[in-house]
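> can you look at this prediction? I've put the sequence above it.
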Amino acid sequence: LQKKRDTKGLPLPPGPPPLPFVGNVLGVDPDHPWLAYSKWGTEYGELVYTRLFSQDVIIINSERVAHDLLDRRSHNYSTRPPGVIRVLDFLSFGVEFSSIFLPYSDRWRLHRRIFHQAFRLEAAPSFRPIQMRNAHNLILNLLAYPEVYGTHFHTFSTSVIMSITYDYSTAALDDPFIALVERSLEISVRELRPEVAAVVGEFPILEKLPSWFPGASFVRGAILQRSLVPLIVQTPFEHVKKNMAAGTAAPSMVSEALNRIPDKAKDEEEVAMLEKAIKEASASGYAAASETTTSTLHVFLLVMVLYPDVQARAQAEIDSVIGETLERLPDWDDRASMPYINAVIQETLRWFPVVPLGYYIPKGATVMANAWSMARNPEKYPNPTRFIPERHMSKAVSEESSTNRRDDISFAFGFGRRVCVGRYVADASLFAAIVNILAVFRVERVPGWNVGPDAEGVKWSAGVTTHPVFPCTFIPRHTKEKVSQSVKAQS
Ligand code: HEM
């Protein structure tokens, strides 16, 4: 029996037998590829070799191997797959500058440094007032128009990141800039992934199809995206520079990074290079922050509908801390007294990681870290399809945020040098939104929507980030007047 080998003669892990030309592509649902990768994991082991057309792909299905390769040997696994980058060269979406897609390089390192200054563990709490104010807008929006809850989640996530990054205030409802960002992100999330890249890369003729041609959605996406991206990148950056010139800029990631450009570096070329990096990193940051936070809130809502007992226990905990009559809304200081809420946040991130696959490349192949499969590991999480916050309760959750405990659900935020730079900010946004939603609403399934606790049959959106699509009912636990009063009192 001849062992499979890569082009350099190194042995490759086992995997499903590929068909000529297409490889294993027919076995993969391109909208939910993590399902096939996880199934192969149970058949072939922690590391699986597969081929999508001519692209070699190695899937890591276990946390142990992911930590070993992506954390401990991260210098080998820190760049991004050429597949996605090739699509970008070949059919430009105009987002080649994004920190998320940049190859491992000095340019990427500079982006990371800019993020790190603003979003590191010690700096993240400075954004809490912004996060809480937006969580209050979220509950007011939900009270007014509960049926479009997805739009409110998006407004919340994007407003938080826009304020943090640019001190840019969006309208509480129907902000035109947010609509633009939403459209642009929808295209990127859907099209810019290796499974799509594999197809486009194999059939360059697709690029030549007119954009109206059925199935040529990525061509349409690319055309639209190329016109949206410059607006989205330029407009908020100019806003900061204008405010700085007028002396009215409040602290934000961009204003602080611009202020840090050292005087001695002020030869024109260097300043231009640094400004460009700040502009590009800030635009990538809000792209990365918005969809992920929004999708996690969708997952939270789904589990609250599917697990009414969990919801009731979470609400009992909130009421025990702030009182049953909503004399005030929850605040940051309450977090330490809410171990169950913290466990609900942990379990939400575990139950369905909204970025199910992370992409890395060592030389040659694409390596995918299958967070979805890690989250469903029955040895670490008995009965993994069930939402059980108690599994996180024994570990003094109240003292630490969901993102500090690297040993537990770290797979939700990626691995190695490309680990999510916004995880501390994300954790605080989730707490602010979740605790306020539960304080003010009971969420219930709509009559006739018969989905069981494993959420089988629920539709999930397709893309790098995914979220469930389902109907639900928001029942206010307090009167509108009471909620408005409490919001006013707290602001
Ligand atoms: C619940 C919310 C979030 C989740 C689940 C999440 C998850 C992730 C994951 C899985 C990655 C990929 C890591 C990898 O490839 O190994 C990532 C990257 C990234 N995230 Fe987050 N994220 C969230 C929120 C945020 C926020 C709020 C920000 C900004 C404030 C942010 C900024 C970034 C950036 C810039 C990257 C790219 C890092 C790089 O390639 O070097 N994320 N995130």
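It's in.

> so where's the stretch 251-400 of the chain uncertain?
264-266, 360-364, 395-400 (pLDDT under 70).

> mind running it again at 80?
By pLDDT under 80, the weakly predicted segments of the stretch 251-400 of the chain are 262-266, 358-365, 394-400.

> how about the residues of it by the ligand?
284-285, 288-289, 292-293, 296, 354-355, 358 (CB under 6 Å from any ligand atom). In short, each C-beta sits where N, CA and C put it, glycine included.

> in strands only, show me these.
Members of these lying in strands (criterion: DSSP state E): Gly358.

> pull the most distant pair out of the residues of the stretch 251-400 of the chain next to the ligand.
Within those, Ser284 and Thr296 form the most distant pair, 18.9 Å apart (CB to CB).

> show me which of these two is the more surrounded one.
Thr296 (27 against 22; other CB atoms under 10 Å).

> which residue is the nearest non-sequential neighbour of the more buried one?
Computed as CB to CB, 6 or more residues apart in numbering, the closest residue to Thr296 that is not its neighbour in sequence is Val354, at 5.3 Å.

> count the neighbours of the one you found for me.
Residues near Val354, counting by other CB under 10 Å, number 26.

> do Asp68 as well
As a burial measure, Asp68 scores 13 neighbours (other CB under 10 Å).

> can you give me the pLDDT of it?
Note for Asp68: predicted pLDDT of 88.

> need the residues of the stretch 101-250 of the chain near the ligand, please.
By CB under 6 Å from any ligand atom, the residues of the stretch 101-250 of the chain that approach the ligand are 112, 115, 119, 161.

> with just CA atoms, put the strand or helix carrying Arg133 into PDB.
Element membership for Arg133, per DSSP states H and E: helix 128-144. Provided in PDB are the C-alpha atoms of helix 128-144 (Å, rounded to 0.1, in the frame of the first residue of the first chain):
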ATOM      1  CA  ARG A 128     -17.600  49.700  28.300                       C
ATOM      2  CA  PRO A 129     -19.700  52.900  28.400                       C
ATOM      3  CA  ILE A 130     -20.000  52.800  24.600                       C
ATOM      4  CA  GLN A 131     -21.000  49.100  24.800                       C
ATOM      5  CA  MET A 132     -23.600  49.600  27.500                       C
ATOM      6  CA  ARG A 133     -25.100  52.700  25.800                       C
ATOM      7  CA  ASN A 134     -25.500  50.700  22.600                       C
ATOM      8  CA  ALA A 135     -27.000  47.700  24.500                       C
ATOM      9  CA  HIS A 136     -29.600  50.200  25.800                       C
ATOM     10  CA  ASN A 137     -30.400  51.300  22.300                       C
ATOM     11  CA  LEU A 138     -30.700  47.700  21.400                       C
ATOM     12  CA  ILE A 139     -33.400  46.900  23.900                       C
ATOM     13  CA  LEU A 140     -35.300  50.100  23.000                       C
ATOM     14  CA  ASN A 141     -35.100  49.100  19.300                       C
ATOM     15  CA  LEU A 142     -36.300  45.600  20.200                       C
ATOM     16  CA  LEU A 143     -39.200  47.100  22.100                       C
ATOM     17  CA  ALA A 144     -40.200  49.200  19.200                       C
END
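
> residue nearest the centroid of the protein?
For the chain, the residue nearest the mean C-alpha position is Thr292 (2.3 Å; CA atoms, centre = their mean).

> Provide a list of residues in contact with that residue.
With contact taken as CB atoms under 8 Å, 6 or more residues apart in numbering, Thr292 is in contact with 157, 354-355, 420, 426, 465.

> from Thr42, how far off is it?
Distance of Thr292 to Thr42, computed by CB to CB, to the nearest Å: 27 Å.
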